[in-house]
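Asker: Provide a 3D model corresponding to the input given below.
(one chain, ligands or ions: 1)
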Amino acid sequence: MPPPGCPAHGLGPGGLRRLYGPEADTDLAGVYEKMRADHGAVAPALLHNDVPIWAVLGHSENLHMVRTPSQYTRDARQWRAVQDGSMGADHPLAPVVTWQPMASFVEGDEHKRLRGAVTGAMAGLDHRGIRRYINRYSNLLLNDLCQDGKADLVSDFAEHLPMMVMCHVIGMPEEYNERMVQAARDMLRGTETAIASNAYIMDALMRLVARRRAKAEEDFTSNLIAQPEQLTDTEVGAHLRLVLIAAYEATANLIANALRMVLTDPRFRAQLSGGQMTVPEAIEQSLWDEPPFSAMVGYFAKQDTQLGGQEIKAGDGLIFGIAPGNVDPVVRPDLAANMQGNRSHLAFGGGPHECPGQDIGRAIADTGVDALLMRFPDVELAVDESELRWNSSILSRHLVSLPVHFAPRPPQDVMARPMARVPSARDDWQVSSPPPRPATPAQPPTPKTAAPAGPPPVPESAPAAAPVPRQGAWRRLVTWWRGY
Ligand code: HEM
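Answerer: Numbers count the residues shown, from 1 in each chain. This next block holds a predicted model:
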């Protein structure tokens with residue numbers, strides 16, 4: 001038997017499981033399942049330095065927590081571990097836990113003010129125009145690859161597209177470059193150069209704020225400055241950073257995970273012959289199976305309460321367990337069952353802090369994956385699936401690389417109209433999601449009743465000025481394949 005507290009066996013003081021160390025680094029999902037078996041939907045656990053925390057593993061328990069701001073807050077200053085110094089500045093999770101004047105850390109009226117400014121600025125964006133840019137940027141990236149006949153879809157595509165799009169959305173397309181992508185990645189990995197990378201990004205953002213204060217343009221930053229909430233320059237900069245980094249990290253993961261699924265999952269590959277899963281459906285399935293953020297640290301109890309049968313004390317910290325909640329056997333008795341039409345996963349959170357950028361994230365992923373499959377319909381994994389590797393932490397799980405090959409082909413005119421039919425303008429912007437399919441007996445329940453599957457999409461309409469040419473059989477097949 002290992003000695004008590006042996007880090008190699010994942011058990012710490014009190015026999016509690018560690019969410020760090022060799023076992024968690026190689027199989028965190030397995031650690032969560034052991035905790036579920038031992039304790040049920042809410043389990044005591046240990047973070048780095050053996051800081052105690054509750055891991056919320058149940059789907060409905062997670063939803064209850066994020067939707068009950070009277071009992072749980074995102075303000076880490078209320079966490080006992082912060083107050084007693086065990087969660088100090090040198091803790092590996094300090095960068096994501098340390099309080100900042102941003103929507104994600106505040107509650108009540110202050111949250112309404114800051115989040116209201118962000119959502120107001122998003123509402124003012126030309127969503128249809130952005131979708132055109134996503135397509136154009138996707139094709140620019142694919143032009144760089146197309147003649148080689150091989151690529152790493154993580155470092156050559158998934159990590160670049162969201163940064164290109166978000167630099168454009170916030171109003172600094174000229175700042176998109178390899179250095180910006182590297183800086184964002186470096187900042188999130190917590191390396192010794194993370195502080196310099198953060199400074200590089202903040203410098204670009206604060207210069208942009210100064211330019212837009214002097215002269216407004218049509219972009220997210222100008223919209224944010226113009227909101228009635230009247231954010232200060234510091235607040236504008238902090239929210240630009242939040243939006244840029246949240247969008248970059250989560251959407252890059254989503255694209256990489258969805259592409260892996262498209263390349264390896266027989267349900268998707270079979271669609272050419274049998275028609276089982278479209279791109280938006282693959283994205284949604286991937287949000288269930290491999291959520292871009294696996295967990296958030298965290299939520300903090302404002303009062304003594306109960307959750308999942310556990311006694312939670314005021315000041316306790318809780319992990320919002322997105323990945324374990326998504327595989328809770330109560331909502332997914334059969335993990336192999338298809339989740340088509342069911343959007344009640346936890347990938348975008350819920351309650352007052354639910355991700356306000358999810359439609360932008362979905363649009364970047366849908367359009368990017370779609371563009372890639374249109375350009376390289378013969379794309380195939382260049383290694384065996386078992387050779388794929390991930391970098392894991394409690395917060396997220398990144399595919400390290402996704403090597404593929406395809407037949408070399410010439411670059412394409414990226415200004416050309418990308419599709420025979422363009423999406424019609426919509427309020428909800430979930431333009432490419434297919435209508436939910438009728439539930440089959442294998443369909444799991446939809447517990448998140450307040451956020452059911454989106455409304456069925458309006459059929460695509462042809463642009464008035466550009467008559468749609470009659471589609472050939474291949475084109476019709478591709479159009480159907482893409483879920484339109
Ligand atoms: C696939 C992509 C994305 C995923 C999976 C994702 C996921 C999340 C999650 C889990 C949260 C936290 C919820 C909580 O605290 O309980 C969040 C918050 C947030 N996200 Fe996203 N996100 C994505 C893309 C984006 C994009 C593209 C933007 C901006 C354009 C964005 C902006 C934000 C902001 C501002 C918050 C803080 C909201 C608040 O605290 O009120 N996200 N996101």
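
Asker: tell me who's in contact with the closest residue to the ligand within the stretch 201-350 of the chain.
Answerer: Ranking the residues of the stretch 201-350 of the chain by distance to the ligand (C-beta to the nearest ligand atom) places G349 first, at 2.7 Å. Using the backbone N, CA and C atoms, a C-beta is placed for each residue, glycine as well. Residues in contact with G349, defined by C-beta atoms under 8 Å, 6 or more residues apart in numbering, are V66, M296, F320, I322, C355.

Asker: same thing but 6 Å
Answerer: Counting by C-beta atoms under 6 Å, 6 or more residues apart in numbering, G349 touches V66, C355.

Asker: helices or strands next to the top helix by length along the chain in the packing?
Answerer: If you go by DSSP state H, the chain has its longest helix at helix 233-264. Counting contacts by 3 or more C-beta pairs under 6 Å, 6 or more residues apart in numbering; DSSP states H and E, helix 233-264 is packed against helix 161-170, helix 178-189, helix 194-214, helix 279-289, helix 358-375.

Asker: which outside residues touch the very next helix or strand once past the third one?
Answerer: Where DSSP states H and E defines the elements, the next helix or strand beyond helix 194-214 is helix 220-226. By C-beta under 6 Å, 6+ apart, the list of residues contacting helix 220-226 from outside reads A117, A121, G124, V169, I170, G171, L208, R212, A216, V236.

Asker: spell out which residues of this protein are next to the ligand.
Answerer: By C-beta under 6 Å from any ligand atom, the part of the chain that sits against the ligand consists of 66, 74, 103-104, 115, 118, 242-243, 246-247, 250-251, 254, 292-293, 296, 320, 347-349, 353-358, 360-361.

Asker: buried members of those into ChimeraX, please.
Answerer: Applied in ChimeraX, the following selects the buried portion of the residues of the chain next to the ligand according to 16 or more other C-beta atoms under 10 Å:
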select :66,74,103,104,115,118,242,243,246,247,250,251,254,292,293,296,320,347,348,349,353,355,356,357,358,360,361
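
Asker: where in the stretch 301-450 of the chain is pLDDT low?
Answerer: 416-450 (pLDDT under 70).

Asker: could you find the closest non-adjacent residue to the residue in it that the ligand sits nearest to?
Answerer: Proximity of the stretch 301-450 of the chain to the ligand (C-beta to the nearest ligand atom) peaks at G357, 2.1 Å away. Take G357 and drop its neighbours on the chain: the residue closest to it by C-beta to C-beta, 6 or more residues apart in numbering is A247, 5.9 Å away.

Asker: from I364, how far out is the one you found?
Answerer: Distance, A247 to I364, using C-beta to C-beta, to the nearest Å: 8 Å.

Asker: do P324 as well
Answerer: 26 Å.

Asker: more neighbours, these two?
Answerer: Of the pair P324 and I364, I364 is the one with more neighbours under other C-beta atoms under 10 Å, namely 29 against 26.

Asker: was I right about that one contacting M164?
Answerer: No: using C-beta atoms under 6 Å, I364 makes no contact with M164, being 9.4 Å away.

Asker: next up, the contacts around the residue nearest to the spatial centre of the chain.
Answerer: Closest to where the C-alpha atoms of the chain average out (C-alpha atoms, centre = their mean) is A250, at 3.1 Å. By C-beta under 6 Å, 6+ apart, the contact set of A250 is P292, F293.

Asker: and it, how far is that from Q227?
Answerer: The spacing between A250 and Q227, counted by C-beta to C-beta, is 23 Å.
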